[in-house]
Every structure is written in structure tokens, then in C-alpha cells.
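Undergrad: Attaching a predicted model along with its sequence, questions to come.
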Amino acid sequence: MNAVAEKVMFDSAASVLAAVGRQLGETEWVQISQERIQQFADATGDHQWIHVDPEQARNGPFGACVAHGYLTLSLANLFLPQLVAYEGLTMGVNYGCEKVRFPSPVLVNSWIRGSGEVIAATQMGDDGVQVTIRITVQIKDQDKPGCVVETISRLFFVGNN
């Protein structure tokens, strides 16, 4: 598989603000197993047959079980720390998401990875910044991604940066 890009390091609000438009590279590949899909179904109570019944799904519209869209979305939280790191961060919180889309189903046993881009940043006080990072969940050997989401985080750094 392809080499993973080195994490982008941010050490101040100013460094995040200066990164708008920056590509963040790609993460490691992760396989979406039936076990992972089943665990997500159990955690959320979404046991729709297209996710958890391999026999019925084989005869369904996708020819196999597919990952829940929200499972694919939740993996943005796995991918973000593989793309960025912070030094001097006193607190970081997830603030929300924008423009979530699921262009292509993620079939069971598919390999996916995240790629990122800093698309917006706004200063918050002296030492904080709100940053929007677009995460694209790529599916190996597929043209369309499984998910595209704009994640919004609020980051606060030590001192007046």
C-alpha cells in the first residue's frame, strides 16, 4: 500500500490560520470488516439487513453488506489525528460538521483511508482558532469517495499565539 504522509504539526492559532488551503496528505488504509459493521450496528441499534445480513445483502442492491454511512463518517475521528498533530494545545473540541455526503457505498471488506485539506480558519480570542478540515474518505480502487465531510474544531493554544 502507499506510504502515509507525515502529520502536519500546528503549534499556534497563527500556524493554523496560515494553513488554509493546505493539503494534509493521506492516512493509513483501514479495512471495513463485517465485525466492525456489526459492532457499529450493535452500538447504534441500526441492524438493517443491508449492513448485518450477508446472505440477504448478497442478493440486494449492492451485492454485499455495506458499512453504515454514519460508521464511515465516524472514521473521520480516526483519520484526523493521523493527518494533524498539535504542540502547545491546551484544549481542542469538536464543534460540528458541515456538508456531509456519502457519494459511494463502502462495501464490506473494502479498504478506506482519509485525506484532508484545511479549508477555513477563524481566530477566536487571543489564543484560539476555529478550523474547518475537509476529510475525504477514499475507497481503494474506486473513483468516488465513501464520505466527504467538513469537520469543525475549536483549538486553544498556550499563550498569546
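TA: Ah, there it is. Numbering: from 1, shown residues only.
Undergrad: And the strands in this protein?
TA: 8-10, 23-26, 30-31, 84-86, 89-101, 111-124, 128-139, 147-157 (DSSP state E).
Undergrad: Partner strands of the third one, with direction?
TA: Each strand pairing with strand 30-31, determined using DSSP bridges, is listed with its direction: strand 111-124 (antiparallel).
Undergrad: thinking again about what came up before, mind putting the strands of the chain in CSV, distance to residue 67 included?
TA: Quick note: C-beta positions are derived from backbone N, CA and C, even for glycine. Formatted as CSV, those follow (distance: least, Cβ to Cβ, whole Å):
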stretch, distance to residue 67
strand 8-10, 27
strand 23-26, 19
strand 30-31, 11
strand 84-86, 24
strand 89-101, 15
strand 111-124, 8
strand 128-139, 10
strand 147-157, 10
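Undergrad: Let me have the ones you listed in a markdown table, extended by mean neighbour count.
TA: As requested, the strands of the chain are exported to a markdown table (neighbours: other Cβ atoms under 10 Å):
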| stretch | mean neighbour count |
| --- | --- |
| strand 8-10 | 18 |
| strand 23-26 | 18 |
| strand 30-31 | 14 |
| strand 84-86 | 18 |
| strand 89-101 | 12 |
| strand 111-124 | 19 |
| strand 128-139 | 21 |
| strand 147-157 | 20 |
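Undergrad: closest to residue 66 out of those strands?
TA: Nearest to residue 66, of all these, is strand 128-139, at 11.1 Å by Cβ to Cβ.
Undergrad: same for the closest one, what does it pack against?
TA: Judged by 3 or more Cβ pairs under 8 Å, 6 or more residues apart in numbering; DSSP states H and E, strand 128-139 is in contact with helix 13-17, helix 76-83, strand 111-124, strand 147-157.
Undergrad: ok, now with 6 Å
TA: helix 13-17, strand 111-124, strand 147-157 (3 or more Cβ pairs under 6 Å, 6 or more residues apart in numbering; DSSP states H and E).
Undergrad: got a markdown table for the ones you listed, with distance to residue 54 too?
TA: Formatted as a markdown table, these follow (distance: least, Cβ to Cβ, whole Å):
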| stretch | distance to residue 54 |
| --- | --- |
| helix 13-17 | 44 |
| strand 111-124 | 18 |
| strand 147-157 | 22 |
